[in-house]
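[1] Dropping the sequence and predicted coords here.
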Amino acid sequence: MIWRRYGRRLPEKRGRMSIDIEDKSDSESKSKAAESCRTIIDGIEKIPTLPAVLSKLLTVLEDPKSNIKSVSRLIGSDPAMTARILKIVNSAYYGFPREISTVDQAIVILGFNAVKSLALSATVVQIFGVRGEGAFDLRAFWEHSIGTGVFADMLARRLQYPLPEEVFCAAVLHGIGKVILDQYLHALFIEAVAMARSKRMPLERAERAVCAIDHCQVGAMLAERWKLPLQIQESIRFYPAPPKATVNPFVVSIVHVGHYIAREMVCGDPGDRAQPRVSEEAKKILKISSADIDDCLTKAKSELSKAEDVLAALVD
């Protein structure tokens with residue numbers, strides 16, 4: 001199974017962006033924190049903006065006057081995006097009995113929001129790619145991210161959330177800040193990963209200790225720059241602590257649980273070996289019990305093959 005990579009070892013806003021820096025006890029640490037923050041901000045400014053077609057798509061789909069033809073025409077102007085969307089729609093994840101051959105058909109069957117979420121997820125994966133240099137295994141990272149998306153989507157449907165594909169997208173992007181840290185604070189990030197693994201602590205805690213910033217903060221900065229929906233920004237920023245969300249803690253809590261299930265199912269590599277646990281506050285927000293989560297874990301086994309299909313569609 002391509003998901004069984006958990007044990008892999010590593011070698012030794014537009015507008016103003018803000019970072020919460022942990023208090024440091026000495027001037028050297030404060031200087032290091034400030035330098036890290038400047039490096040990350042400069043790095044994020046260098047990351048490509050979302051393709052024009054996708055930016056227009058996100059805007060058009062917010063317009064209640066949008067229609068299938070106008071949206072389909074816009075997506076069709078980008079052949080690569082069209083191909084990726086149709087590949088996902090025709091994957092085992094959806095399991096349609098007949099082939100969906102046009103974007104028009106995909107929109108009619110799935111709806112505007114689903115197509116938007118698929119386009120956004122596929123585009124972000126393509127921007128960062130799957131074969132990074134160095135110790136950070138980018139493909140294993142995406143395996144974990146997509147697994148989180150599939151399991152969050154599964155829970156969203158179980159809870160009858162009206163926009164499960166929106167949850168899928170938020171969950172796929174939840175750890176995107178790790179890629180940025182690896183690119184622009186590579187040595188420090190790898191040191192944080194090593195610390196997290198040796199001490200079995202959450203990666204974000206190790207990142208703050210070593211880098212003076214964590215992947216949740218960094219990912220949210222990128223999402224803000226790209227003007228992604230606020231619930232996606234929140235899911236990236238607060239998925240380890242859903243009660244901190246103010247726009248849509250329900251979605252953030254679903255992503256939180258999806259992340260837990262992906263770790264329990266050993267999907268890809270989240271970067272640390274901390275013991276996963278579900279926040280009691282998240283359970284209250286979702287109105288679910290530990291028994292409900294155990295049932296999701298049981299059902300998650302049957303979703304693994306679907307998740308592999310989505311992975312192939314997005315990264316291959």
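    Yes, it's here.

[2] which residues of the protein score low on pLDDT?
    1-30, 32-33, 132-134, 316 (pLDDT under 70).

[3] Look up how far T298 lies from the residue nearest the centre of the chain.
    For the chain, the residue nearest the mean C-alpha position is L173 (1.6 Å; C-alpha atoms, centre = their mean). Per C-beta to C-beta, to the nearest Å, L173 is found 27 Å from T298. Just so you know, the C-beta spots here come from the backbone N, C-alpha and C atoms, and that holds for glycine as well.

[4] ok, now L188?
    Taking C-beta to C-beta, one finds L188 at 39 Å from T298.

[5] Between the two, which is the more surrounded one?
    L188 (19 against 9; other C-beta atoms under 10 Å).

[6] Thought C211 was touching the more buried one, still the case?
    Yes - with contact defined as C-beta atoms under 8 Å, L188 and C211 form a contacting pair (4.7 Å).

[7] Do a quick rundown of the helices in the stretch 151-300 of the chain.
    For the stretch 151-300 of the chain, the helices defined by DSSP state H, counting those that start in this stretch cover 164-172, 177-184, 186-199, 203-211, 215-225, 230-238, 249-264, 280-286, 290-300.

[8] Could you say which of those helices is packed most deeply?
    helix 164-172 (a mean of 28; mean count of other C-beta atoms under 10 Å).

[9] quick one: it to helix 230-238, angle?
    Between the axes of helix 164-172 and helix 230-238, defined by axes from the mean of the first three to the mean of the last three C-alpha atoms, to 10 degrees, the angle is 30 degrees.

[10] and E45, how many residues sit next to it?
    Neighbours of E45 (other C-beta under 10 Å): 9.

[11] ok, it - contacts?
    R225 (C-beta atoms under 8 Å, 6 or more residues apart in numbering).

[12] Could I get the phi/psi values of it?
    phi -60, psi -20 (degrees, to the nearest 10).

[13] separation between it and M221?
    Taking C-beta to C-beta as the measure, E45 falls 10 Å from M221.

[14] R157 now?
    In terms of C-beta to C-beta, R157 sits 31 Å off from M221.

[15] ok, back up a step: wait, doesn't the residue nearest to the centre of the chain sit right on G219?
    Yes - counting by C-beta under 8 Å, L173 does reach G219; the two are 7.2 Å apart.

[16] Mind listing the shared neighbours of those two?
    The contact lists of L173 and G219 share I236, where a contact means C-beta under 8 Å, 6+ apart.

[17] So A135 sits against I190, correct?
    Yes - the pair A135 / I190 is scored as a contact, 5.2 Å apart, by C-beta under 8 Å.

[18] The spatially closest residue to M265 that is not a sequence neighbour: what's it in contact with?
    Closest residue to M265 apart from its sequence neighbours, by C-beta to C-beta, 6 or more residues apart in numbering: A300 at 5.4 Å. Going by C-beta under 8 Å, 6+ apart, A300 touches F151, M154, I261, E264, M265.

[19] neighbours around the last one, how many?
    When neighbours are defined as other C-beta under 10 Å, M265 has 23 of them.

[20] if I pick it, what's in contact with it?
    Neighbours of M265 in contact, by C-beta under 8 Å, 6+ apart: W3, G147, F151, L297, A300, K301, L304.

[21] Return the backbone torsion pair for A245.
    Torsion angles, degrees, to the nearest 10, at A245: phi -70, psi 140.

[22] Who are the contact partners of it?
    By C-beta under 8 Å, 6+ apart, the contact set of A245 is E234, S235, R237, F238, V251, V252, S253.

[23] Can you lay out those residues as CSV showing distance to D269?
    Formatted as CSV, the contacts of A245 follow (distance: C-beta to C-beta, whole Å):
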residue, distance to D269
E234, 24
S235, 20
R237, 22
F238, 22
V251, 24
V252, 22
S253, 24
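
[24] And the residues you listed, which two are furthest apart?
    Using C-beta to C-beta, the two most remote members of the contacts of A245 are R237 and S253, lying 13.5 Å apart.
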